[in-house]
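1. Sequence and computational prediction follow.
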Amino acid sequence: MVDTTRSPFGKELGRAAWKRTTTNRNIRTVNKIAA
């Protein structure tokens, strides 16, 4: 088991995934308001 939080690569991966989920959530909220 590799601790991905300590490696720069894992950190970037986590940040990208977090950004993606946050963006999707924002889009969903905007769509809900616009609908």
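-> Received it, and whenever you're ready, just let me know what you need.

2. Could you measure from the residue nearest the centre of the chain over to I33?
-> Centroid check for the chain by CA atoms, centre = their mean gives W18 as the closest residue, at 1.8 Å. Per CB to CB, to the nearest Å, W18 is found 23 Å from I33. Backbone N, C-alpha and C define where each C-beta goes, glycine included.

3. As a check, name the ranges of all helices in this protein.
-> Using DSSP state H, the helices assigned to the chain run over residues 8-34.

4. Report the residue spans of the protein with pLDDT below the cut-off.
-> Applying pLDDT under 70 to the chain picks out residues 1-5.

5. Relative to K11, how far out is the residue nearest to the centre of the chain?
-> Distance, W18 to K11, using CB to CB: 10 Å.

6. before we move on, what about T29?
-> For T29, the distance to K11 - CB to CB - is 27 Å.

7. can you check A17 too?
-> A17 is 11 Å from K11, where distance means CB to CB.

8. Also R20?
-> Between R20 and K11 the distance is 15 Å, computed by CB to CB.

9. Kindly report the same for A35.
-> Per CB to CB, A35 is found 36 Å from K11.

10. which one of those two has more residues nearby?
-> K11 (12 against 5; other CB atoms under 10 Å).

11. Show the backbone phi and psi for S7.
-> phi -80, psi 140 (degrees, to the nearest 10).

12. tally of neighbours for it?
-> Neighbour count for S7, taken as other CB under 10 Å: 11.

13. what does L13 give?
-> Applying other CB under 10 Å, we find 12 residues neighbouring L13.

14. I33 now?
-> Around I33 there are 7 other residues, counting by other CB under 10 Å.

15. just G10 next, same as before
-> For G10, the neighbour count with other CB under 10 Å is 13.

16. One more: the one 4 residues further on?
-> The number of residues packed around G14, counting by other CB under 10 Å, is 12.

17. Use 57 as the first number from now on
-> In the new count, where the first residue is 57, that last one comes out as G70.

18. Could you check how far it is from R62?
-> Distance, G70 to R62, using CB to CB: 11 Å.

19. OK, contacts around A73?
-> For A73, the contact set (CB atoms under 8 Å, 6 or more residues apart in numbering) is empty.
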